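sequence plus predicted model, see below.
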Amino acid sequence: MPMRRCEYLDWLVFTRQPRPYDARILRLLEAIAQTPTGAPLVAYVLRRWPRIVWGRPPVGNAFAFPWPLETIIMRDAGDEATNLEVLAHELAHLARWRGHLVGSLEQEYDAYLTGVRVRAEWEGLDWRDPNGPAARRWPLLFGHEASPQRFMAWVRSRNAFYALLPWNQPRTLPEVVRALITQAGFGVKMLLKRA
């Protein structure tokens, strides 16, 4: 007797998955999959099975290591809505940008926008309404005041690392090498300060 689609998905998730996910991460993935913005991110997870774990990321609340590691390390915020937004943010980095080999504000903007859209949809807020609750809650991303330039200024003021990121994602080999040297140099200086 052939398996129904749901049974097949359950079988795939629980028997063929290279790394079993923590039950709370599975619940977050299920919630993300139920949103229009999040469904493609979870489809990526079902294709690639990146490692997603709770722990101490090297910076911030979470970090997505690039291919070939394809690993997300998340600090537990203790709040389901925040964890959902952070996981969607990091999945956007992996699914659309292949992780953080070199960063850009273009990449961060996309990841922040994606994470907040998933959270808004999960909370039942219409982020497309320029006068709605989502626009009031996240004015730099939605509504009349939203703009990538305002977002760039805000994110650069938050963190010294973001201040050195270019807006456009480095794509050519010379751009990637320059960005890698600059960003790795910043990382080494931060590690030396902490030591």
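Great, that's in hand.

tell me the mean pLDDT over the longest helix seen in the chain?
Longest among the helix segments of the chain by residue count, using DSSP state H, is helix 173-194. Per-region confidence: helix 173-194 scores 83 on mean pLDDT.

list of residues touching stretch 42-60?
Contacts of stretch 42-60 with the rest of the structure, by C-beta atoms under 8 Å, 6 or more residues apart in numbering, involve 12-13, 17-19, 21-22, 24-25, 29, 32-33, 63, 69-76, 87, 91, 94-95, 161. Every residue, glycine included, has its C-beta placed from N, CA and C.

that stretch: end-to-end distance?
23 Å (C-alpha to C-alpha, to the nearest Å).

list the buried residues of that stretch.
Within stretch 42-60, the residues scored as buried using 16 or more other C-beta atoms under 10 Å are 42, 44-45, 50, 52, 57.

all helices for this protein, in order.
5-11, 23-33, 39-48, 80-97, 105-122, 133-137, 148-158, 160-163, 173-194.

for these, which has the smallest mean pLDDT value?
When I compare those, helix 5-11 is least confident, with a mean of 46.

picking up where we left off before, let's have the buried residues of stretch 42-60 in JSON lines, adding distance to residue 154.
Below are these laid out as JSON lines (distance: C-beta to C-beta, whole Å):
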{"residue": "42", "distance to residue 154": "29"}
{"residue": "44", "distance to residue 154": "28"}
{"residue": "45", "distance to residue 154": "29"}
{"residue": "50", "distance to residue 154": "28"}
{"residue": "52", "distance to residue 154": "28"}
{"residue": "57", "distance to residue 154": "21"}
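
would you mind checking which of those is nearest to residue 80?
residue 52 (15.3 Å; C-beta to C-beta).

which residue comes closest to the closest one once chain neighbours are left out?
residue 72 (4.6 Å; C-beta to C-beta, 6 or more residues apart in numbering).

the one you found touches residue 94, doesn't it?
Yes - using C-beta atoms under 8 Å, residue 72 is in contact with residue 94, at 6.9 Å.

what is in contact with those two at once?
Joint contacts of residue 72 and residue 94 (C-beta under 8 Å, 6+ apart) are 50, 64.

any quick PyMOL command for the buried ones out of the contacts of stretch 42-60?
Selection of buried members from the contacts of stretch 42-60 for PyMOL, criterion 16+ other C-beta under 10 Å:
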select buried, resi 13+21+25+29+32+33+63+70+71+72+73+74+87+91+94+95
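
what sits against the closest residue to residue 38 other than its chain neighbours?
Sequence neighbours aside, residue 32 is the residue nearest to residue 38 in space, at 3.6 Å (criterion: C-beta to C-beta, 6+ apart). Listed by C-beta under 8 Å, 6+ apart, the contact partners of residue 32 are 38-39, 41-42, 84, 87-88, 91, 118, 122.
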